[in-house]
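Chemist: A structural model of the following input is requested.
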Amino acid sequence: MPHFNINSSKPKLSDEIIGHGDFKYKVHKTWGNLDPSKTPVNNCHEMVMDSQGRLIMVGDDVHNNILIYDKSGKLLDSWGIRYKGGHGLSLWNDGEQDFLFICDTEGTMIKTTLDGRELMMIGHPSDYGAYEKEDAFKPTETIIGPNGDIYIADGYGSQYVLQFTKDREFIRKIGNGRVRKTTSSRPPMVSASMTGIKTTPPYWSLHAPAIVLSALLWMVIIWRK
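Modeler: Sure thing, here's the model as predicted:
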């Protein structure tokens with residue numbers, strides 16, 4: 001079970017209510033506040049919880065791309081000094097330890113330990129015969145299958161989902177890519193369960209892509225076999 005370091009004092013909550021239905025919350029506006037001159041935070045794109053109950057955030061400030069908090073909002077660790085497009089963050093446990101998969105929209109997916117040691121990098125898909133060299137590659141999210149396969153959503157690039165083995169061997173490219181230049185079909189976020197894989201548009205208005213149905217249907221069918 002996760003263990004948390006919880007402050008004994010009650011948090012100061014805003015009167016503002018967010019959410020809807022059965023999921024309504026008050027905002028703890030001072031949670032995780034840091035000195036911006038020492039630990040700047042820029043564009044928090046995603047947060048995950050590790051097996052110890054710590055909250056891990058990815059951003060795109062190269063002073064500290066990764067910030068690790070306890071539940072009370074206390075900063076425990078920070079690292080990452082070169083992920084200029086730090087965007088997607090997935091956590092996967094292989095049965096023994098946790099690993100992070102970071103998507104940098106500058107064109108790289110990086111697998112790391114929780115203390116920042118880089119274990120694997122997947123760069124431009126042309127290196128694996130999946131793209132032409134001039135094709136854009138701006139990965140936004142990953143999911144890891146039960147067997148360790150890595151699925152990378154090229155959400156801001158050529159808009160495919162790329163599947164690799166846990167050892168970085170390319171398996172296939174899924175989807176139809178850019179359908180029209182005037183509209184977006186990009187899959188910026190993907191998520192998984194034991195029953196299949198889906199994409200989730202994380203933003204509305206300009207950041208609300210359509211789901212790449214062909215990719216999803218094939219993933220679900222194959223995963224269920």
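
Chemist: and the helices in this structure?
Modeler: Per DSSP state H, the chain carries helices over the ranges 213-224.

Chemist: okay, now the unreliable bits of this structure?
Modeler: When residues are selected by pLDDT under 70, those of the chain lie in 1-9, 178-225.

Chemist: change it to 90
Modeler: Judged by pLDDT under 90, the chain has its weakly predicted residues at 1-16, 26-33, 36-37, 40-45, 81, 146, 155, 159, 175-225.

Chemist: contacting residues for the nearest residue to residue 84 once chain neighbours are set aside?
Modeler: Take residue 84 and drop its neighbours on the chain: the residue closest to it by Cβ to Cβ, 6 or more residues apart in numbering is residue 106, 5.1 Å away. C-beta coordinates here come from the backbone N, C-alpha and C atoms, glycine included. If you count contacts by Cβ atoms under 8 Å, 6 or more residues apart in numbering, residue 106 has them with 83, 84, 85, 138.

Chemist: and for residue 96, the neighbour number?
Modeler: The local packing count at residue 96 equals 5, with neighbours defined by other Cβ atoms under 10 Å.

Chemist: same question for residue 64.
Modeler: By other Cβ under 10 Å, the residues close to residue 64 number 22.

Chemist: how about the nearest residue to it, chain neighbours excluded?
Modeler: Sequence neighbours aside, residue 78 is the residue nearest to residue 64 in space, at 3.9 Å (criterion: Cβ to Cβ, 6+ apart).

Chemist: can you put the contacts of residue 106 in TSV and add neighbour count and distance to residue 71?
Modeler: Formatted as TSV, the contacts of residue 106 follow (neighbours: other Cβ atoms under 10 Å; distance: Cβ to Cβ, whole Å):
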residue	neighbour count	distance to residue 71
83	21	25
84	13	29
85	20	28
138	20	33
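
Chemist: cool, thanks, talk later.
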